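[1] I would like the atomic coordinates for the input below:
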Amino acid sequence: MHRSRTALAITIAFFGAWTRGDDWPQWMGPKRDNVWREEGIAAGFPAGGPRVLWRTPIKGGYAGPAVAGGRVFVTDYVTDADVKVANFERKQSTGTERVLCLDEATGKEIWKHEYPVTYTIAYPAGPRCTPTVHGDRVSTLGAEGDLYCFEAATGKVVWSRDLKKDYATKAALWGWASHPLVDGDRLVCVVGTDVAHAAAFDLKTGKEVWRTGSAPEQGYVPPSIIEAAGVRQLVLAKPDAVYAVEPETGKLLWETPYNADNGSIIMTPVRVGDHLYIGGYQGKNLLLKLKADVPGVDVVWRNKPKQGISAVNVQPIAADGLVYGFHESGELRAMRIPEGDFAWKGGGPLGERPPGSGTAFITKQGDTEKGDRYFLFTETGDLVIARFTPTGYEELARAHLLEPTNVAFGREVVWCAPAYANKSIVVRNDTEIIRVSLAE
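    This next block holds a predicted model:
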């Protein structure tokens, strides 16, 4: 069908805006590393807290927003069912997943797409995956495996996939939670189990380019790309192994056994020098050393007692030759690599006695080599500015942004990663999404 001149102009205008460089177009930001590189960011908060630029109603979900081209993209779940049921209980409910596009300046709705869905998962509040903006397209992945690619300017569906149907599988206990990755003209996605663990799709058509692996369950680890031994390697993890494939073909490069209770491996492996670290539930940790001559790894240690970081909701971050992250106990740790012991540990922004699975999403602010300042959005709805160094944690400022609207382990929480773009934070709970100025 011939596209109207108006629609074409909108698309061109959107693409031009998207290239500005101050956006947060995917999970963990522009470079997928949880580093916010903008300058002119506030060092503290004014009396009464930072200025809220807008508030927009929203429904349930854990999916963080993406910000690109003057727009905010986010997903949610509309249902009459009680979704404040958590932990390890699968509970069926019916409702509607929505993809919302909002104006970044005002919070007003530009377009939305909605589709019916039946949830069969635990923690059924809503979708988990941050939308991924790529050029003039945006892709979303729902909690039950509904994969969509839209025109970002108009909301027109370019293509879609039903991963449960296409890969003869069901949702993992906590649903599809592995944020898809754009690599060139491909969208890489964790898809299933026996038929394939991961697949790459043509961004223009949605046609499968390649598939790879098999697994007892999808797992929750987002794919990532590293370079080692002179080649690009797409690193994936499933409930029984960590492995790498060629990003262009899906051909296996290496694989090593690994497991965690209930398939609970959630974090993307973190690279420190020539080491890769991954930590799963109940102390199941693994440190690998990348081979320098050929693609491959050697196991440095596995399931090292009383060491490592078993990440649950929060992606750890590498800096200062350390890995900073929240352990499943809620404790903030600074882990040495390759030793696996700690430069320091404590409650950090969660207090002296942090709760189990305590959550505060970590984002480094400023240059990756020089900065030691971090923004942490906590499960209580607070935004904390802190300093991380090899010698300790120092809290610099705190402001309350949102009320916790969901429940986990008997306490009220908000478990939604924020986006940082254009000197602001955009963050949501299960009732509203807000944009707050963090300009200097």
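[2] quick one: the helices in the stretch 51-200 of the chain, in order.
    For the stretch 51-200 of the chain, the helices defined by DSSP state H, counting those that start in this stretch occupy 163-166.
[3] from residue 366, how far off is residue 100?
    As judged by CB to CB, to the nearest Å, residue 100 and residue 366 stand 31 Å apart. (Each C-beta comes from the backbone N, C-alpha and C, glycine too.)
[4] and the two? Which one has more around it.
    Higher neighbour count among residue 100 and residue 366: residue 100, with 23 against 16, using other CB atoms under 10 Å.
[5] ok, that one touching residue 77?
    No - using CB atoms under 8 Å as the test, residue 100 is too far from residue 77 to be in contact (11.6 Å).
[6] give me phi/psi at residue 269?
    Note on residue 269: its backbone torsions stand at phi -50, psi 140 [degrees, to the nearest 10].
[7] would you mind writing the CA trace of stretch 402-417 as CSV?
    C-alpha atoms of stretch 402-417 as CSV (Å, rounded to 0.1, in the frame of the first residue of the first chain):
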residue,chain,number,x,y,z
LEU,A,402,6.7,7.0,43.1
GLU,A,403,4.6,4.9,45.5
PRO,A,404,5.3,1.1,45.4
THR,A,405,2.1,-0.5,43.9
ASN,A,406,2.9,-4.2,43.8
VAL,A,407,3.7,-6.9,46.4
ALA,A,408,6.6,-9.3,46.8
PHE,A,409,7.6,-11.3,49.8
GLY,A,410,5.0,-9.6,51.9
ARG,A,411,6.2,-6.1,51.2
GLU,A,412,5.1,-3.3,48.8
VAL,A,413,7.5,-2.8,45.9
VAL,A,414,8.0,-1.1,42.6
TRP,A,415,10.2,-3.2,40.4
CYS,A,416,10.5,-1.2,37.2
ALA,A,417,13.8,0.0,35.7
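[8] what residues does stretch 34-47 touch?
    Here stretch 34-47 makes contact (CB atoms under 8 Å, 6 or more residues apart in numbering) with 22, 24, 28-30, 50, 315, 317, 362-368, 373, 375, 385, 396-399, 420, 422-423, 438-440.
[9] out of these, which end up buried?
    With burial judged by 16 or more other CB atoms under 10 Å, the buried subset of the contacts of stretch 34-47 is 24, 28-30, 50, 315, 317, 362-366, 373, 375, 385, 398-399, 420, 422-423, 438.
[10] beta partners of the residue nearest to residue 373 when sequence neighbours are not counted?
    Leaving aside its sequence neighbours, residue 373 sits nearest to residue 365 (CB to CB, 6 or more residues apart in numbering; 4.9 Å). Beta-bridge pairing for residue 365 (DSSP bridges): residue 36, residue 373.
[11] does residue 365 touch residue 374 like I think?
    Yes - Residue 365 lies in contact with residue 374 (CB under 8 Å); the separation is 6.4 Å.
[12] identify the contacts common to these two.
    With CB under 8 Å, 6+ apart, residue 365 and residue 374 have common neighbours residue 385.
[13] do you know the pLDDT at the closest residue to residue 192 other than its chain neighbours?
    What sits nearest to residue 192 in space, not counting adjacent residues and going by CB to CB, 6+ apart, is residue 167, at 3.3 Å. For residue 167, the pLDDT comes out at 98.
[14] what's residue 167 in contact with, if anything?
    Going by CB under 8 Å, 6+ apart, residue 167 touches 191, 192, 193, 195, 196, 199.
[15] now the strands: where do they sit in the stretch 1-150 of the chain?
    35-36, 52-57, 66-68, 71-78, 93-103, 109-119, 132-134, 137-141, 146-151 (DSSP state E, counting those that start in this stretch).
[16] quick one: end-to-end distance for stretch 137-152.
    End-to-end distance of stretch 137-152 (CA to CA, to the nearest Å): 5 Å.
[17] how much space separates residue 359 from residue 27?
    16 Å.
[18] again with residue 273
    Distance, residue 273 to residue 27, by CB to CB: 24 Å.
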